[in-house]
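J.: Pasting the sequence and the predicted model now:
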Amino acid sequence: MSETRNEAIRNGLLQYVGALMAETHREGAEAAHVALAQLSEVWLEASKTKDDKHYDTYKAKPILRAAVLVLNDYVSQLQEQFKDGEIPQMVSTKAAEYCMAAESINEIIEATKESMDDN
């Protein structure tokens, strides 16, 4: 796919998400949450195996990578919030749990080399 065409499709998708947000009749983060949840349902449907019985981890790798990105960013936010002082034990524990979750998802991503439909 050409770069120009890819950019046009990406812009169209962003317009679609914006339209979904407007249709929710909600504001800000809540509108984004509802719109992205609807879009996620479509991504999940596209991640199913040919027989529609399971999700194909290979097809879902971009979703999994997005989850890792969000988890790592959240840990960074926590670290930034407490950079000048001592991190409370509860926050430190949660950050470690999020890091472990991101690491586990990364292991799944790295272990997934081909689509289940190709077997």
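T.: Right, received. Where do you want to start?
J.: alpha carbons only for contacts and neighbour counts from here, please
T.: Will do.
J.: Longest helix in the chain, please.
T.: Among the segments of the chain that qualify as a helix by DSSP state H, the longest is helix 89-111.
J.: Now that one: buried residues?
T.: Buried residues in helix 89-111, counting neighbours by 16 or more other Cα atoms under 10 Å, are found at 95, 98-99, 101-102, 105-106, 109.
J.: Now the element after the host helix or strand of Arg10, going C-ward?
T.: Per DSSP states H and E, Arg10 falls inside helix 3-23. Beyond helix 3-23 in the direction of the C-terminus, DSSP H and E gives the next helix or strand as helix 28-46.
J.: If you count contacts, what does the very next helix or strand once past that next one end up packed against?
T.: Scanning forward in sequence from helix 28-46 by DSSP H and E, the next helix or strand is helix 61-81. Applying 3 or more Cα pairs under 8 Å, 6 or more residues apart in numbering; DSSP states H and E, one finds that helix 61-81 contacts helix 89-111.
J.: pLDDT (mean, whole number) over the helix it packs on?
T.: Mean per-residue pLDDT for helix 89-111: 94.
J.: Quick one: distance of that helix to the chain centre.
T.: What separates the centre of helix 89-111 from the centre of its chain is 15 Å, taken as Cα atoms, centre = their mean, to the nearest Å.
J.: the inter-axis angle of it versus helix 61-81?
T.: With axes from the mean of the first three to the mean of the last three Cα atoms, to 10 degrees applied, the angle from helix 89-111 to helix 61-81 works out at 150 degrees.
J.: I would like the residues contacting helix 89-111, please.
T.: Around helix 89-111, the neighbours that count as contacts under Cα atoms under 8 Å, 6 or more residues apart in numbering are 57-58, 61, 64-65, 67-68, 71-72, 75, 78.
J.: One more: stretch 24-34?
T.: Looking at what lies outside stretch 24-34 - Cα under 8 Å, 6+ apart - the contacts are 21-22, 35.
J.: can the residues you listed go into CSV with extra columns for neighbour count, distance to Lys113 and pLDDT?
T.: Formatted as CSV, the contacts of stretch 24-34 follow (neighbours: other Cα atoms under 10 Å; distance: Cα to Cα, whole Å; pLDDT from 0 to 100):
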residue, neighbour count, distance to Lys113, pLDDT
Met21, 21, 35, 91
Ala22, 15, 38, 92
Ala35, 20, 31, 92
